[in-house]
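Asker: structure of the sequence below:
(one chain, ligands or ions: 1)
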Amino acid sequence: MYVKTISSSTHSQFINITSLIEEAVAESEILSGIVTVFVSHTTAGITINENADPDVKRDMLKVLDRAVPWEDPEYRHYEGNTAAHVKASLMGNSTQIILENGKLQLGMWQGIYFCEFDGPRQRKIQIQILGK
Ligand code: ZN
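Answerer: Numbers count the residues shown, from 1 in each chain. Next up, the predicted model:
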């Protein structure tokens, strides 16, 4: 297993981690198999989406903020970060990518994103690569 650490700067941010995952793949020397990317955090997520137009990232964050506002008088969670927990579950905490001939089989427009919903923080990304 590989562990990569990243720093987020805001409480609502998508960070492209595709190159970090490619680094782990290269270190593993595994050419074909399955790559699992997992975050063990309750206020952050992982998603795969557009890596060409940066406005997609911006628009997604905007939609998430609109759907799940940071403040709501009905939230009860004592930490005050209910929105971050909800958004993390909406994105999910892992993804899998097929690895073939040493290359992640991402589509031309796809990137792997770490989704920060409660930063700034230091975060840990776990990567498991199974194959040969
Ligand atoms: Zn909390």
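
Asker: which of the helices or strands spans Asp59?
Answerer: If you go by DSSP states H and E, Asp59 is part of helix 54-67.

Asker: show me what counts as buried in that helix.
Answerer: Lys57, Met60, Leu61, Leu64 (16 or more other Cβ atoms under 10 Å). Where C-beta positions appear, they are placed from N, C-alpha and C, glycine not excepted.

Asker: close to the ion: what parts of this structure are there?
Answerer: Glu79, Asn81 (Cβ under 5 Å from the ion).

Asker: for the chain, which residue gets nearest to the ion?
Answerer: Nearest residue of the chain to the ion, counting by Cβ to the ion: Glu79, 3.5 Å away.

Asker: roughly how far apart are that residue and Ile98?
Answerer: Shown here: Glu79 relative to Ile98, a distance of 37 Å by Cβ to Cβ, to the nearest Å.

Asker: and for Thr82, the neighbour number?
Answerer: Residues within reach of Thr82, counting by other Cβ atoms under 10 Å, total 19.

Asker: now do the contacts for it.
Answerer: Asp72, Tyr75, Arg76 (Cβ atoms under 8 Å, 6 or more residues apart in numbering).

Asker: buried among those? Need that as a selection in ChimeraX.
Answerer: Remark: buried members of the contacts of Thr82, expressed as a ChimeraX selection using 16+ other Cβ under 10 Å:
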select :75
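
Asker: the most far-flung residue of the chain relative to its centre: which element?
Answerer: Most distant from the centre of the chain: Pro73, at 28.5 Å, with distances by Cα atoms, centre = their mean. For Pro73, there is no enclosing helix or strand under DSSP H and E.
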